[in-house]
Each structure stands twice: as C-alpha cells, then as structure tokens.
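Colleague: Next come a sequence and a model predicted from it.
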Amino acid sequence: MASNTVQNEIAIPKIVSRDQWLTERKELLAHEKELTKQADRINAERRRLPMVKIEKDYVFDGPNSKPSLKELFEGRRQLIVYHFMFDPEWDKGCPGCTGFVDALGELSLLNKRDTTFVVVSRAPLAKLEAYKSEKGWNIHWLSSFGSDFNYDFHVTLDPKVAPAEYNYRTKAEMAAAMGHSVKMEGEEHG
C-alpha cells in the first residue's frame, strides 16, 4: 500500500504519440545545445582569467620526498590540486571527498594534456597513506600538515589564522547569497 502511495505522488510523464515526443525532444535538444554553448563561453572566460604569482614557498610531505608547490607541476604547464577534507584530528577522510576520489577513474590523459593532478590534505602523511591503502587508491596524495597552504587557499577556515573566505566570498557575502547564517569554520573541499 505504501509503495502505491509513493508511486501516485511521483509525477510520471504523460504518454504521447511518437510525433509529439519527437517534437518535444527536438525542443529539448535546442535547449541542450544552448546550454552547451553557454558552458563553452564560461569555460573560455575561465581560461582567460589573469594569474596571480605565488610568492610563498609551500612544501608538502609526500611518500618519497618533500616537494615544493613548483615541483608538484612535474614540469607540466598546469596543476590541479584537489583539497581532500582530512583534518589532522580525524582518523578517516571526508565521506564526500572519498566518494569523489572513488569516482575519479583513469587520470593519465591529464598528463598527456600537460596537466598534473594531486590531492592535498592537512592530516599528517601517515594518516593519508593509511587511508589511501585502506581504499586501494594510487592517487598522488600529499600532506600540507603544519603549513599555511590550506588556509591561504581558503579550504581550511579558521578566522584566527586567516580571514574566513570560501568560494571567493566572505562570511557576510556567503550568508547573503545563501539567505541564512553560515558557520565557515573547519575543512572545505576545493
């Protein structure tokens, strides 16, 4: 009985003729093409954004070395750094970030596109390596434990260390955008 009630509450599309379906599908296709063109314009804007010179010497803890930020590029033109939420006090990584890494798939094509991908977390390397082993991952995961890296790039929020800013917004701007107060403390993904 309960499943029938749930089924009745779900809006099921109407049944129509093949011709009507085709007309409506073509309308949807036009909207999809419009969305693709808009995404292409936004991606082009992103590529044209100016750059900021990073003056600070960041050093990370890796399984075989302590690379600088520049060394993370591995000689490639681009670097993608994913901040995996893993506070030094935690024993496990963030479930959402874990799902993200689980879904990454094969990344070797990035290298062919002159891009390096790394994962960075604040937890000590031993915790990261243990979690990585438990999950069976082979990602390039580094620790920024003890550095300002995550604070400077606003993925670890602590107003006592650096002004709280997330997604390029201050706490007040974020609250206004969300329509309610926000905490803006602790780890964020980015």
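Modeller: Nice, thanks for sending it over. Numbering: from 1, shown residues only.
Colleague: now the strands for the chain?
Modeller: Under the criterion DSSP state E, the chain contains strands at 78-83, 115-121, 141-143, 156-157, 165-166, 169-170, 186-187.
Colleague: ranking these by burial, who's on top?
Modeller: Of the strands of the chain, the one with the most neighbours on average (mean count of other Cβ atoms under 10 Å) is strand 141-143, at a mean of 24. Backbone N, C-alpha and C define where each C-beta goes, glycine included.
Colleague: Give me the contacts around that one.
Modeller: Applying Cβ atoms under 8 Å, 6 or more residues apart in numbering, the contact partners of strand 141-143 are 60-62, 67, 72, 84, 118-125, 128-129, 132.
Colleague: Filter these down to just the buried residues.
Modeller: Among those, those buried by neighbour count (16 or more other Cβ atoms under 10 Å) are 60-62, 67, 72, 84, 118-123, 125, 128, 132.
Colleague: among the residues you listed, which are in helices?
Modeller: Of the buried ones among the contacts of strand 141-143, the ones assigned to helices by DSSP state H are L72, L125, L128, K132.
Colleague: want to throw these into TSV with distance to A11 and pLDDT?
Modeller: Shown next, in TSV, are those (distance: Cβ to Cβ, whole Å; pLDDT from 0 to 100):
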residue	distance to A11	pLDDT
L72	48	97
L125	50	98
L128	45	97
K132	43	96
